[in-house]
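**Q** Build me a model from this:
(one chain, ligands or ions: 1)
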Amino acid sequence: MTRSVGRIFSGFRCFGSLPFGNPPLKTQCSSVLFRTTSERTLMHALPKIFGRKPRDFSLPNSSWGKEMMQLYNHYNRLSKETTEGQEDHGEQWTRLPSYNRTLKYATGGVYLSKIIQSKARLFTRNIRDPGASFEYVIFFRQDKLKCACIFQAGHLLEGAPGHVHGGAIATMIDTITGTHASLLSAPVMTANLNINYRSPIPLGSTVLIESILDKEDGRKRYISCRVTSTDGSKLHTEATGLFLSISVSHLLKR
Ligand SMILES: CCCCCCCCCCCCCCCC(=O)SCCNC(=O)CCNC(=O)[C@H](O)C(C)(C)COP(=O)(O)OP(=O)(O)OC[C@H]1O[C@@H](n2cnc3c(N)ncnc32)[C@H](O)[C@@H]1OP(=O)(O)O
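**A** As a prediction, the model looks like this:
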C-alpha cells in the first residue's frame, strides 16, 4: 500500500507543483507516472478525477502593487508562452502555477479519498484574503539553474514594527529554494538552511528573491539565494540551503 500511495502522491505532486505544457518537465513527470500498466491507467484517469479548476495563486490579483506588476510583466515577457515564435532572447523563463492544496480537486480513488479528508493546506497559500500575507510568483529559467520570485509582503507578516517577520522571510526562502531543488530532482526535503538578515524589509513592499544552483552531489542539491529590492540595489537577505532528494516512503514514515 505504501508503494501505491507513494506512486499516486508523486504523480499528483508532478501535476500540482510543476507547470503544465512544459516539455522537459512533462517528460520528467511521465517517467514517474508511466512505469506500469496500472500507472498508465491512472494517468488516463487523471483528467477525469480533477473535478474543477483549482485557483492559481501565482496569477495577478487586485492587491498586487505597481512594482509587483512591473516585475511580473517583465518575466512574463521573457516566458515561454509569450516568446513562442519570436526571436530567442537568450533567457527563457516559465511561470510556476501555485495551488493551496494539490489533492483538494481530486475525487475518487480509495487511497486518495483518505488523503483528501485531511485539512492540510500549503502554508504560504492558506490566507485567501488577497494581499494580506504571502503574495508571490515564481519563475524558473528553462535550464533550471536559476529561479526568480517576486514577493509582496502583506500586513499579517509583521515582525519588528512596520517590517517583515524573519520567519516569514525564511519561509519564502525555503519555498523558492525548495521549489528550485524540486524542479531538479523531486521530491526533496530541506536538510539545512543558513540565513543572514542584512537589512529589514518594510511591510507591504515588494522584493525580488533569486536562487541559483551552486552544486549537485548525489542526492544533495546546494542552492543559494538573495533577497533584494526589486531593482537589485539593496540587499535584504542572503541564504544557502541544502536539499536532499528522498523517496516518497520517507514522507509516510511515522
Ligand atoms: C516534498 C517537497 C515537495 C515540493 C512540492 C512543491 C510544491 C510546493 C512548493 C513548496 C516548497 C516548499 C519546500 C519546503 C520544504 C521543507 O520545508 S521540508 C520540511 C523541513 N525539513 C524537514 O523536515 C527534514 C527533516 N529531516 C529529514 O527528514 C532527514 O534528516 C533528511 C533531510 C531527509 C535526510 O535524511 P536521510 O535521507 O536519511 O539522509 P542521511 O542518510 O541522514 O544523510 C544523507 C547525506 O546528507 C547529509 N546530511 C543530512 N542532513 C544534513 C544536514 N542537516 N546538514 C548537512 N548534511 C546533511 C549526511 O551527512 C549524508 O551525507 P553523506 O554521508 O552521504 O556525504
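
**Q** Spell out which parts of this protein neighbour the ligand.
**A** 13, 17, 122, 174-175, 178-179, 182, 187-192, 220, 242, 244, 246, 250 (C-beta under 6 Å from any ligand atom). Every C-beta, even on glycine, is put in place using the N, C-alpha and C of the backbone.

**Q** Are any of those residues buried, and if so which?
**A** Neighbour counting with 16 or more other C-beta atoms under 10 Å marks 13, 17, 122, 174-175, 178-179, 182, 187-188, 220, 242, 244 as buried within these.

**Q** Which of the helices and strands in the protein ranks last by mean pLDDT?
**A** Least confident helix or strand of the chain, by mean pLDDT, DSSP states H and E, is helix 23-33 with a mean of 32.

**Q** Make sure I have this right: residue 179 is in a helix.
**A** Yes - assessed by DSSP: H, G, I helix; E, B strand; the rest coil, residue 179 belongs to a helix.

**Q** Which residues are in contact with it?
**A** If you count contacts by C-beta atoms under 8 Å, 6 or more residues apart in numbering, residue 179 has them with 17, 96, 138, 140, 147.

**Q** Report the closest residue of the stretch 101-250 of the chain relative to the ligand.
**A** For the stretch 101-250 of the chain, the residue closest to the ligand is residue 178, as judged by C-beta to the nearest ligand atom, at 2.6 Å.

**Q** any idea how far residue 227 is from that residue?
**A** 15 Å (C-beta to C-beta, to the nearest Å).

**Q** Was I right to think the residue of the stretch 101-250 of the chain closest to the ligand contacts residue 193?
**A** No - under the criterion of C-beta atoms under 8 Å, residue 178 makes no contact with residue 193, lying 9.2 Å away.

**Q** Find residues that contact each of the two.
**A** residue 241.

**Q** Surely residue 67 is in contact with residue 231?
**A** No - the pair formed by residue 67 and residue 231 falls short of the contact definition of C-beta under 8 Å, at 9.1 Å.

**Q** who's more crowded, the two?
**A** Neighbours per residue (other C-beta atoms under 10 Å) separate residue 67 from residue 231, with residue 67 holding more: 17 against 9.

**Q** bridging residues for the closest residue to the more buried one other than its chain neighbours?
**A** Nearest non-adjacent residue to residue 67, counting by C-beta to C-beta, 6 or more residues apart in numbering: residue 206, 4.1 Å away. When assigned by DSSP bridges, residue 206 has beta-bridge partners residue 152.

**Q** Could you tell me which residues make contact with residue 206?
**A** Residue 206 neighbours (C-beta under 8 Å, 6+ apart): 65, 67, 68, 71, 150, 151, 152, 153, 230.
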